[in-house]
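# turn this into a structure:
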Amino acid sequence: MDKSSGLDKSGVSQPDKSDRSILLVVKGGSIVFAGTLFGYGCQLLTGILLTRLLGAEQFGLYKVAVTAGEIAAGFALLGMEYAMVRFVSLFASRGDMERLRGTLQVGMGLVALSSLLIGAGLFALATPLALYMFHEPRLIPLLRLASLIVPFLTLSRVLASATRGFNKMQYATGAQQIAQPLIRLILIAPLVLIGLTAGKAMIPYIVGVFATCALLLYFLDHLFPLRRPLQTARRDARGLMLFSLPAYFSTLLDTFGPNLQTVLLGSLNTIATVGIFAAAAQVSMASSMFNQSIGTTSSPIVSELHGQGDREQMAHFYQTTTKWMFTANLPVFLIVLLLSEPILAIFGKEFVEGSTALTILALANLVIAAAGISDGVLAMTGNTPVKLANSAAQAVFTIGLGFMLIPRWGALGAAVSVLVTAMVVNLLRVSEVFVLFRMLPYHLSIIKPATAGLAALAIGWLSRQLFHTGTHLVIAVMNAFAILAIYVSMILLLGLSPEDRAVFAHFRRRVATAFSRR
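Now for the predicted structure:
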């Protein structure tokens, strides 16, 4: 390649060094986003089926049981999700196979043992939790069913993180975002014929978790064969735990964050309110999909850039990913802001009362997007104690605001507590990254999506006034497409940044290559 011109031997322009990490996150992020979008579609269809067939109260019972299993899995993870991504990425890039093998053995072994113990604990505590915390005896068998998934749910998350450490996003995406939700959706259909209850609805969830764990184990073995003598590995359990323990408490608090709302609603309000809030939260996930895709893909890249000491590249990467996250989230927030009632009417008339809560949750996701990958930067640069402090603040705000607001306002109070917590914690994260690395997530180019958003909001508001959407789904869909069309048109009219053009050029090359091969 001609270094001065950036051309390869064929004369085709190649991305320079400043664009390579961007293109890498685009490649991985597009895989994760496509899988997440498919998974979200399956989960949304599953949620609609469950809410319409179960009603708010039975759906609330189901949601409390599933949440209990996920919280128990968070306890059993021991912080290994972040440890696997960081150390697998680090040792794989260095070619240190012995340390890589040891990291996988220690991480998987510790998590398997802890998940068995915690799963057994949830099974044993099912009765007191159901009777004294939620005051609902119907939860006892559901919590016992949820305890069965804890070892498999925990191990699957560690296996997924290990595959991401190899910068292979397609494996975790295929198992967690495609296979698992698709299995759940398919298995619900025959249960409808025999009468669906909260207990029967747990069966597809459990089978999906089992299948995901098996798939991820197969994929990891394909990437890095696991059937090798134990003595061929260099195990540093102490170093792994020193990194993972702060991340453990942080991850535990992060796991509690979204799930605490379900627990607090179930104990301080009614089970039916849990169902309404769960439906609103499921819709609001649409605005967090792109955040998760970028955050997941960027973690090993941040780790590598920090290891190389390339501060300038890391700052550029930080600002670009933040702009993309904000750009993708803004139109989703606008659609929810203007059309929350017809969106929730899909789940049933009794769920429409959660429309204000849905709007607040969407705003919270926009706040999180505006902070970019600041949380990932803290974790992947070894600042896990700072991440832990942020997570502790998040838990304190969530619990404190929950106790103040949920008894009086129900689902609306839970949503307000999510928004206030998101504002405080993400302001902390952005400030900490600036203090540690003198990096801010914002660049002047972020003005363009903000301007496009204002134009789309004006057109969307006028359309709603003219056509009186109400809960009419067809008119709501038309309005949503109008908002998107105006937003995208304004973005293109205002012009693309060099990073955006590099991404589009990359995709054009990929498409041209695919057609030339045919």
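# burial of Val424, as a residue count?
Using other CB atoms under 10 Å, Val424 has 15 neighbouring residues. For every residue, glycine as well, the C-beta is placed using N, CA and C.
# my bad, should have said Leu117
A count of nearby residues for Leu117, using other CB under 10 Å, gives 12.
# and what of Tyr132?
Close neighbours of Tyr132, defined as other CB under 10 Å, add up to 9.
# number the chain from 336, please
In the new numbering, first residue 336, that becomes Tyr467.
# quick one: pLDDT of it?
Tyr467 carries a pLDDT value of 87.
# cool, and Val846?
For Val846, pLDDT reads 52.
# same deal with Thr371?
For Thr371, the predicted pLDDT is 74.
# same check on the one 5 residues further on?
Looking at Gly376, its pLDDT is 83.
# any idea how far it is from Ala549?
For Gly376, the distance to Ala549 equals 23 Å [CB to CB, to the nearest Å].
# okay, domains of the protein per the record?
Annotated domains of the chain cover 352-777, 778-853 [automatic domain parsing].
# deepest of those, which one?
domain 352-777 (a mean of 21; mean count of other CB atoms under 10 Å).
# and after the helix or strand where Ala650 lies, which helix or strand comes next?
Using DSSP states H and E, Ala650 falls within helix 646-680. Sequence-wise, the next helix or strand downstream of helix 646-680 (DSSP H and E) is helix 690-705.
# that next one versus helix 646-680: what angle between them?
Orientation of helix 690-705 against helix 646-680 (axes from the mean of the first three to the mean of the last three CA atoms, to 10 degrees) gives an angle of 170 degrees.
# quick one: helix 690-705 to chain centroid distance?
From the chain centre to the centre of helix 690-705 is a distance of 15 Å (CA atoms, centre = their mean, to the nearest Å).
# let me know the average pLDDT across stretch 657-677.
Stretch 657-677 shows a mean pLDDT of 89.
# hmm, I was thinking of stretch 525-536
The pLDDT scores in stretch 525-536 average 82.
# quick one, grab the pLDDT at the residue nearest the centre of the chain.
Taking CA atoms, centre = their mean, the centroid of the chain lies closest to Gln627, which sits 4.1 Å from it. We have a pLDDT of 74 for Gln627.
# I figured it hits Leu372, correct?
No. Taking contacts as CB atoms under 8 Å, Gln627 lies outside contact range of Leu372: 10.9 Å.
# for Tyr397, which non-adjacent residue is spatially closest?
Excluding its sequence neighbours, the residue lying closest to Tyr397 (CB to CB, 6 or more residues apart in numbering) is Ala533, at 4.2 Å.
# over to Ala507?
For Ala507, the spatially nearest residue (CB to CB, 6+ apart) is Ala495, at 3.7 Å.
# Leu372 now?
Looking at Leu372 with CB to CB, 6+ apart, the closest residue is Met624, at 6.2 Å.
# is the one you found in a helix, a strand, or coil?
Secondary structure state of Met624, per DSSP: H, G, I helix; E, B strand; the rest coil, is helix.
# now do it against Ala704, distance only.
From Met624 to Ala704 the distance is 11 Å (CB to CB).
# quick one, what contacts Ala427?
The neighbourhood of Ala427, defined by CB atoms under 8 Å, 6 or more residues apart in numbering, consists of 435, 500-501.
# ditto for Phe661
Phe661 touches 701, 704-705, 707, 781, 784, counting by CB under 8 Å, 6+ apart.
# what pLDDT does Leu396 get?
The model reports Leu396 with a pLDDT of 89.
# so where's this protein uncertain?
Scanning the chain for pLDDT under 70 picks out the ranges 336-368, 562-594, 631, 635, 803-806, 834, 837-853.
# what's the angle from the lengthiest helix in the chain to helix 646-680?
When the chain is parsed with DSSP state H, its longest helix is helix 352-411. When the same axes, to 10 degrees is applied, the directions of helix 352-411 and helix 646-680 differ by 60 degrees.
# about what we covered before: tell me which other helices or strands the host helix or strand of the residue nearest to Ala507 touches.
Using DSSP H and E, Ala495 sits within helix 474-500. With contacts defined as 3 or more CB pairs under 8 Å, 6 or more residues apart in numbering; DSSP states H and E, the packing partners of helix 474-500 are helix 352-411, helix 415-429, helix 432-459, helix 461-463, helix 504-507, helix 533-558, helix 624-642.
# how about these in TSV, adding distance to Ala607?
Shown next, in TSV, are the helices and strands packed on helix 474-500 (distance: least, CB to CB, whole Å):
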stretch	distance to Ala607
helix 352-411	4
helix 415-429	33
helix 432-459	24
helix 461-463	22
helix 504-507	35
helix 533-558	13
helix 624-642	28
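# show me the one of those that comes nearest Ala749.
helix 352-411 (12.7 Å; CB to CB).
# distance from the closest one to the middle of the chain?
On the basis of CA atoms, centre = their mean, helix 352-411 sits 7 Å off its chain's mean C-alpha point.
# related to what we said a few turns ago, now the residue nearest to the centre of the chain: closest residue in space that isn't a chain neighbour?
Once flanking residues are discounted, Gln627 sits nearest to Thr371: 6.2 Å by CB to CB, 6+ apart.
# also Leu552?
For Leu552, the closest residue by CB to CB, 6+ apart turns out to be Leu494, at 5.9 Å.
# that neighbour and Ala549 touch, don't they?
No. Using CB under 8 Å, Leu494 is not in contact with Ala549; the gap is 9.8 Å.
# look at Leu775 and give its secondary structure.
Put simply, Leu775 is coil when judged by three-state DSSP.
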